[in-house]
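# Could you work out the structure for the sequence below:
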Amino acid sequence: MPEVLARLCKDLGNGTFQCLVCPHRCVIPPGATGICGMRENRGGKLVLLSYGKVSSIGIDPVMKKPLYHFWPNHLTYSIASVGCNFRCPWCQNWPISQTTIKNYSWHLRHMDPELVVEEAKSYGCMSISYTYNEPIIWFEYVVDVAKLAKREGLMNILVTNGYATDEALDELCKYIDAANVDWKAFREEVYSKYIKARLEPVLHATKEMKRRGLHIEITYLIIPTVNDNFDDIRKMCKYIVDELGPDTPLHFSRFYPEYRFLDVEPTPVQVLEKACEIAREEGIKFVYIGNVPGHRYEHTYCPECGKRLIARFGFEILEWNLREDMTCPECGAKIPIVGRYVVPPKRPLYGVF
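I've put the predicted structure just below:
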């Protein structure tokens, strides 16, 4: 396929470009790539290496993102490429996130935006999710697919680390409907030590997406000895209430040993439960535990009367007790859920490629 040029960049002269997609704002000299490895300074142009190159496709329940308050139970067509602008040593998707186009070329499928939308519709999906690796670094392709999907009546979802510039959000937020933003910690030192990035731009981007009308849910993977400090978790919960609102769903996920963190023990369930208690104390109304199938904090409860409104097991909804207008049948409290409960078509295997 012909070269696709990076759309968000600045010509610094002397053959050097600056990428403007994420807060790294990489300065890329001739023959080099930025931190994510997806943009190369080649022949006096900044070329996107990953346009249309898909590493993974899945037909997922939207709860897997996780999004619990956005068109519950619908199927979403999930796609990914390779690369990331973070260096998380615990990444569960490290085979695709911590590699390059060159090293992974043997397993990349080329898909024009039209084909992505066509396949999503053929599987009965209501949305397309840009997920598994970091979609922000796939900016040009995500925008093109999302724009076409919107025209065809599909919704668009970002599952992101939130490391995006205002310039990128200006374009993305025209077409994205919802985002799950994965906050890695609530301390700058953790971001600088482990991730080689900064926390403040993540918080700013999350607030910007919320301000621009996206439905936002937050995920926080609790990793023993890294980001399990309860004082930090309390500060984070206060921040969410003050800056995003108490109705913002918060997902505390259980860590399991992965990638370079194989010697770290899984998160004790008691730590996850304590984090949920802290969140509720600080005023967050909808707090969930992930990666612990069958736990009571997988469910949605009415924040006013405590009635169980939605029962879940893993990515499945077992029980739905909300009225059609998304109110509690016991006390009438309005529950902030976007859309309606969806009965999906017969579900295919989650992974198709």
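
# Would you map the helices across the stretch 151-300 of the chain?
Per DSSP state H, counting those that start in this stretch, the stretch 151-300 of the chain carries helices over the ranges 166-172, 188-190, 200-211, 230-243, 269-281.

# got TSV for those helices, with mean pLDDT too?
Formatted as TSV, the helices of the stretch 151-300 of the chain follow (pLDDT from 0 to 100):
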stretch	mean pLDDT
helix 166-172	98
helix 188-190	98
helix 200-211	99
helix 230-243	99
helix 269-281	99
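
# wait, which of those is closest to residue 254?
helix 269-281 (6.0 Å; Cβ to Cβ). Using the backbone N, CA and C atoms, a C-beta is placed for each residue, glycine as well.

# got the angle between that closest one and helix 230-243?
Going by axes from the mean of the first three to the mean of the last three Cα atoms, to 10 degrees, helix 269-281 is angled at 40 degrees with respect to helix 230-243.

# And this structure, split by domain according to the record?
Domain ranges of the chain: 4-48, 53-320, per automatic domain parsing.

# Reformat these as JSON lines; add mean neighbour count.
Converted to JSON lines, the domains of the chain look like this (neighbours: other Cβ atoms under 10 Å):
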{"stretch": "domain 4-48", "mean neighbour count": "18"}
{"stretch": "domain 53-320", "mean neighbour count": "19"}
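
# can I get those in CSV with distance to residue 334?
Compiled in CSV, those are given as follows (distance: least, Cβ to Cβ, whole Å):
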stretch, distance to residue 334
domain 4-48, 36
domain 53-320, 9
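
# ok now stretch 186-200, how far from the chain's centre?
In terms of Cα atoms, centre = their mean, to the nearest Å, the centre of stretch 186-200 is found 18 Å from the chain centre.

# hmm, who's touching the worst-scoring helix or strand of the chain on mean pLDDT?
In the chain, the helix or strand scored least confidently by mean pLDDT, DSSP states H and E is helix 101-104, which has a mean of 90. With Cβ atoms under 8 Å, 6 or more residues apart in numbering as the test, helix 101-104 has contacts from 37, 38, 49, 50, 53, 55, 82, 83, 96, 108.

# Same question for stretch 263-277.
90, 220, 222-226, 228, 230, 233, 252, 254-257, 287-289, 292, 295, 297.

# For the closest residue to residue 145 other than its chain neighbours, grab phi and psi.
Distances taken as Cβ to Cβ, 6 or more residues apart in numbering place residue 113 nearest to residue 145, at 4.4 Å, with adjacent residues excluded. Backbone geometry at residue 113, expressed as degrees, to the nearest 10, gives phi -50, psi -40.

# I'd say residue 113 and residue 148 touch.
Yes: assessed by Cβ atoms under 8 Å, residue 113 is found in contact with residue 148 at 5.0 Å.

# Tell me the spacing between the residue nearest to residue 145 and residue 177.
Counting by Cβ to Cβ, to the nearest Å, the separation of residue 113 from residue 177 is 17 Å.

# ok, now residue 326?
Going from residue 326 to residue 177 by Cβ to Cβ gives 17 Å.

# Low-confidence regions, the stretch 51-200 of the chain specifically.
Along the stretch 51-200 of the chain, the model assigns pLDDT under 70 to no residue.

# how about the strands in it?
Counting by DSSP state E, counting those that start in this stretch, the stretch 51-200 of the chain has strands at residues 53-54, 56-61, 75-80, 109-110, 127-130, 155-160, 178-182.

# could those be laid out in CSV, adding distance to residue 119?
Putting the strands of the stretch 51-200 of the chain into CSV (distance: least, Cβ to Cβ, whole Å) gives the following:
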stretch, distance to residue 119
strand 53-54, 10
strand 56-61, 8
strand 75-80, 7
strand 109-110, 11
strand 127-130, 9
strand 155-160, 15
strand 178-182, 20
